[in-house]
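*Asks:* Take this sequence and fold it.
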Amino acid sequence: MFSKIEVNGDGACDLYQWLKSEKANPDGNPDIGWNFTKFLVGPDGQVLERFEPMVTPEDIAGQLDSLLG
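*Replies:* Below is the predicted model of the structure:
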């Protein structure tokens, strides 16, 4: 089961602190502004891309080959 975690601020969990430090939003702000922000992490553990909430899984699917290629 999952429990609620913090994604911004001093109480942000380690995973989200790291993800945000690797990829800020397009405006340069690392904070997550709203639910459904997505991160793509490559097989080597590198954060390849950050997708804001309005980007759909279908939009991401079209980019996967080039991002993971």
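*Asks:* Longest helix of the protein, counting residues only.
*Replies:* helix 14-22 (DSSP state H).
*Asks:* got a list of contacts for the helix or strand following that one?
*Replies:* Next helix or strand after helix 14-22 toward the C-terminus (DSSP states H and E): strand 38-41. Strand 38-41 is contacted from outside by Leu19, Lys23, Val47, Leu48, Glu49, Arg50, Phe51, Val55, Ile60, Leu64, Leu67, using Cβ atoms under 8 Å, 6 or more residues apart in numbering. Any C-beta I mention is one placed from the backbone N, CA and C, and that applies to glycine too.
*Asks:* list the buried ones in stretch 33-51?
*Replies:* Thr37, Phe39, Leu40, Leu48, Arg50, Phe51 (16 or more other Cβ atoms under 10 Å).
*Asks:* bridging residues for the closest residue in space to Leu19 that isn't next to it in sequence?
*Replies:* Leaving aside its sequence neighbours, Leu19 sits nearest to Phe39 (Cβ to Cβ, 6 or more residues apart in numbering; 4.9 Å). Under the criterion DSSP bridges, Phe39 forms beta bridges with Arg50.
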